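In: What would the 3D arrangement of this be:
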Amino acid sequence: MAERRIWRAVDADLFRFTTTDLRDLHLALMTAFEEAAVLSPALNLEQVQVVLSSVGWDEPVDDDALQRALASLVGWGLLEATQDHGAHYATPEEFERRNLQWSLTERGEAAIGGVLHAVDALRNAVGLQPAILDAIGDGLHELTVLLGRPSGTDVDARIHIQLAEIENHMAGLVTSVRQFNGHLQRLLREDATDDDVFADVKRRTVAYLEEYVHDVERPQRRLAAVLTQLHDTGLTTLFERALAGANLAPVAGDDPGPDWLTERHRRWVALEVWFHPPDGASPRIHGLLDIARTAIIELLRVLERRWDSRRRSASVAADFRQLAAWFDGAPGDDDAHRLFGAAFGMWTARHAHLVGPDDDTGPSTSWLDADVVEVAPALRTSGSLQQRGRTRAVQDPARLRELRQRQQAEELAAHDHVRAALFTDGAVPLSSLTELPAAELAELLRLLSAALDAGEGPDGARRALSVDGGVEIVLVDRGDGRRAQLVSPDGVLDSPDFEMTIARTDLLAAAAPLVALTEPELTEPVLTGAGDHG
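Out: Here you go, the predicted structure:
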């Protein structure tokens, strides 16, 4: 855990050159040293001017300002100033000008590398590449081949290069997934775009995710198998031979080999966590697929909400928001009360059809100034002056309830009969069902859809249950390219000739006797009862 607390390894001066008033000049200098370090690790003042121009700095800067900027970078530990013992000086002035040279320190390399990485991350387009899994699988397979060869300088060097490529591919996969998840969250929150543009982006994103899920599910089993093989071969041997092939440069102090091996082991554990954890836990790639499927559902829901709001001429939420804005802008309480009465109809009772004591009251007279009119008690209690008769008795719903129970039982029995016609005695090809009635074809399509939507098991079969859990279908793609055609009154179903098994589950088998006992009771007795009531 200690090595993961990276915030404790970064001090305030590491990126200070990006926050000062001279950050443009500081960034240009660090970029110049980074590009020149390939062939010229150390630069004197004249060389700094030349390289600074080569990276695009076009503003005039004198030697004093340049030396002050270089001194600041030295003070932050990003550059190192040393004497240039290889230069020749003709005059004392030339010595003062050319006696120093600057080079990047280890901190400086890390600082400018972090800035350039941030710029690349902001510039790169977000994308998911399922081909990375194939590249990782190819690299792991190549490692198994190389480990089978005798140890030697060339072979161990290839093992080191292959391991580095796998780690780079893995880092690229994690980075692309992280960026795309952020892109998805921003896409789900985006509501300011035009409806047509919004719908088009959402549809293309859903198709993009569906294709990615389909392409990722295939190579993950290959990765798990190769990781198991390498784990059984011995990771210690793999890392030791990779260390020999790395040919690390000698440094003063401790041997860098142990730290290098620790980093390799940490990255290998991350690789196994993603595709095949040794403890049998669920691989992280499965969580990624779940996130993609959830994102597809969320995107479709957002689209549906947008379409629903566009189809409605007005919405209750929008009405209340507008009403709240009107209340907020009301000049006073009296205006707010009038707005409330107009919005919700909460006026006092008005009986304009009743004649008061003074028949000369004109229509322009205010309700406040008009005479009070007595209201009959019947109007207050019943809302009408008409004499009402006895309230009609509520009809007995038993007949309607029995009729509906009978209809439901008949529908359940008919549905069970349709399912029973599809049950198979073991695994049979789909082509064995040549002609089907429309109801049986519809039920078969629902079962096939549920099975194809399920993931493949370790045996290559797809298993799914019906909506009520009463029927199980097992589907296996034989991969021989054969096709099946099922003829129905509603059309012809053309499909790969799957090998399928459709059987009754324990839940449906337990419910079958109950249905059989219930159906006879809902035939004749219901008809007799209906006749009696009639």
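
In: Mind checking the pLDDT average for the helix or strand harbouring Gln322?
Out: With elements taken from DSSP states H and E, the one containing Gln322 is helix 316-328. The pLDDT scores in helix 316-328 average 86.

In: Can you give the contact residues for it?
Out: For helix 316-328, contacts defined as C-beta atoms under 8 Å, 6 or more residues apart in numbering pick out 336, 339-340, 343. Glycine gets a C-beta too; all of them are placed from N, C-alpha and C.

In: Let's see that with 6 Å instead.
Out: Residues lying outside helix 316-328 but in contact with it, judged by C-beta atoms under 6 Å, 6 or more residues apart in numbering, are 336, 339, 343.

In: mind listing the strands in the stretch 51-200 of the chain by residue range?
Out: Assignment of strands within the stretch 51-200 of the chain using DSSP state E, counting those that start in this stretch yields the ranges 79-83, 100-104.

In: thinking again about what came up before, Throw the contacts of helix 316-328 into TSV and include secondary structure, thanks.
Out: Formatted as TSV, the contacts of helix 316-328 follow (DSSP: H, G, I helix; E, B strand; the rest coil):
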residue	secondary structure
Ala336	helix
Leu339	helix
Ala343	helix
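
In: Sort out which one of the residues you listed lies nearest Arg264 for me.
Out: Ala343 (70.5 Å; C-beta to C-beta).

In: For burial, what's the neighbour tally of the nearest residue to that closest one once chain neighbours are set aside?
Out: The spatially closest residue to Ala343, leaving aside those adjacent along the chain, is Leu323, at 5.8 Å (C-beta to C-beta, 6 or more residues apart in numbering). Other residues near Leu323 number 14, with proximity taken as other C-beta atoms under 10 Å.

In: do the same with Leu227
Out: Neighbour count of Leu227, defined by other C-beta under 10 Å: 22.

In: can I see the domain layout of this structure?
Out: In terms of domains, the chain is parsed into 2-121, 126-248+255-306, 400-521 (source: automatic domain parsing).

In: For stretch 71-86, output the C-alpha coordinates as PDB.
Out: Extracted as PDB, the C-alpha positions of stretch 71-86 are listed here (Å, rounded to 0.1, in the frame of the first residue of the first chain):
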ATOM      1  CA  ALA A  71      18.400  29.300 -12.500                       C
ATOM      2  CA  SER A  72      14.800  28.900 -11.400                       C
ATOM      3  CA  LEU A  73      14.600  25.500 -12.900                       C
ATOM      4  CA  VAL A  74      17.900  24.500 -11.200                       C
ATOM      5  CA  GLY A  75      16.500  25.800  -7.900                       C
ATOM      6  CA  TRP A  76      13.400  23.500  -8.200                       C
ATOM      7  CA  GLY A  77      15.700  20.500  -8.900                       C
ATOM      8  CA  LEU A  78      14.600  20.100 -12.500                       C
ATOM      9  CA  LEU A  79      17.900  21.000 -14.100                       C
ATOM     10  CA  GLU A  80      21.400  20.500 -13.100                       C
ATOM     11  CA  ALA A  81      24.100  23.100 -13.800                       C
ATOM     12  CA  THR A  82      27.700  21.900 -14.300                       C
ATOM     13  CA  GLN A  83      31.000  23.300 -15.600                       C
ATOM     14  CA  ASP A  84      31.700  22.700 -19.300                       C
ATOM     15  CA  HIS A  85      35.300  21.400 -19.100                       C
ATOM     16  CA  GLY A  86      35.400  20.500 -22.800                       C
END
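
In: can I assume Ser495 sits in a strand?
Out: Yes: using three-state DSSP, the secondary structure at Ser495 is a strand.

In: Let's test this: what are the backbone torsions at Glu456?
Out: Phi and psi for Glu456, reported as degrees, to the nearest 10, are phi -70, psi 140.

In: Now do it, the pLDDT please.
Out: Each residue has a pLDDT score; the one for Glu456 is 83.

In: Could you do the one 4 residues further on as well?
Out: What the model reports as pLDDT for Gly460 is 84.

In: Now do His117 against Phe15, distance only.
Out: As judged by C-beta to C-beta, to the nearest Å, His117 and Phe15 stand 12 Å apart.

In: And those two? Which one has more around it.
Out: Looking at His117 and Phe15 with other C-beta under 10 Å, you find the greater number of neighbours at Phe15, namely 17 against 10.

In: Name the nearest residue to that one, sequence neighbours excluded.
Out: Distances taken as C-beta to C-beta, 6+ apart place Ala111 nearest to Phe15, at 6.0 Å, with adjacent residues excluded.

In: Leu261 too?
Out: That would be Phe239: by C-beta to C-beta, 6+ apart, it lies 5.4 Å from Leu261.

In: Next up, identify which helix or strand that neighbour is on.
Out: Using DSSP H and E, Phe239 sits in helix 235-246.

In: for Met30, what are its contacts?
Out: When the contact criterion is C-beta under 6 Å, 6+ apart, the partners of Met30 are Ile112.

In: any idea how far the host helix or strand of it is from the chain center?
Out: Secondary-structure element containing Met30, defined by DSSP H and E: helix 23-36. Here the centre of helix 23-36 is set off from its chain's centre by 38 Å, with C-alpha atoms, centre = their mean, to the nearest Å.

In: what do you get for stretch 23-43?
Out: Using C-alpha atoms, centre = their mean, we find the averaged C-alpha position of stretch 23-43 to lie 40 Å away from the chain's own average C-alpha position.

In: cool, and stretch 449-461?
Out: Relative to the centre of its chain, stretch 449-461 is centred 22 Å away, using C-alpha atoms, centre = their mean.

In: Of all the residues in it, which ones are buried?
Out: Of the residues in stretch 449-461, those buried by neighbour count under the rule 16 or more other C-beta atoms under 10 Å are 450-451, 461.

In: Check the separation of the first and last residues in that stretch.
Out: 14 Å (C-alpha to C-alpha, to the nearest Å).

In: before we move on, what about stretch 80-99?
Out: Stretch 80-99 stretches 14 Å from its first residue to its last (C-alpha to C-alpha).

In: now swap in stretch 51-59 and tell me
Out: With C-alpha to C-alpha as the measure, the first residue of stretch 51-59 is 13 Å from its last.

In: List of residues touching that stretch?
Out: With C-beta under 6 Å, 6+ apart as the contact definition, stretch 51-59 has outside contacts at 28, 31-32, 36.

In: how about the helices in the stretch 251-400 of the chain?
Out: Remark: helices of the stretch 251-400 of the chain, listed N- to C-terminal, are 257-275, 284-311, 316-328, 333-344, 377-382, 398-422; assignment by DSSP state H, counting those that start in this stretch.

In: what's the burial count for Gly479?
Out: For Gly479, the neighbour count with other C-beta under 10 Å is 8.

In: Regarding the protein, what is its longest helix?
Out: Across the chain, the helix with the greatest residue count (assigned by DSSP state H) is helix 153-189.

In: Run the angle between it and helix 235-246 for me.
Out: Here helix 153-189 points in a direction 110 degrees away from that of helix 235-246 (axes from the mean of the first three to the mean of the last three C-alpha atoms, to 10 degrees).

In: returning to that earlier point: most packed of the strands of the stretch 51-200 of the chain?
Out: Per-stretch averages of neighbours, counted by mean count of other C-beta atoms under 10 Å, single out strand 100-104 among the strands of the stretch 51-200 of the chain, with a mean of 21.

In: Return the distance of that strand from the chain's centre.
Out: When distances are taken as C-alpha atoms, centre = their mean, strand 100-104 is centred 48 Å away from the chain's centroid.

In: That strand - contacts with which helices or strands?
Out: Contacts of strand 100-104 with other secondary structure elements, assessed using 3 or more C-beta pairs under 6 Å, 6 or more residues apart in numbering; DSSP states H and E, are made with strand 42-44, strand 79-83.
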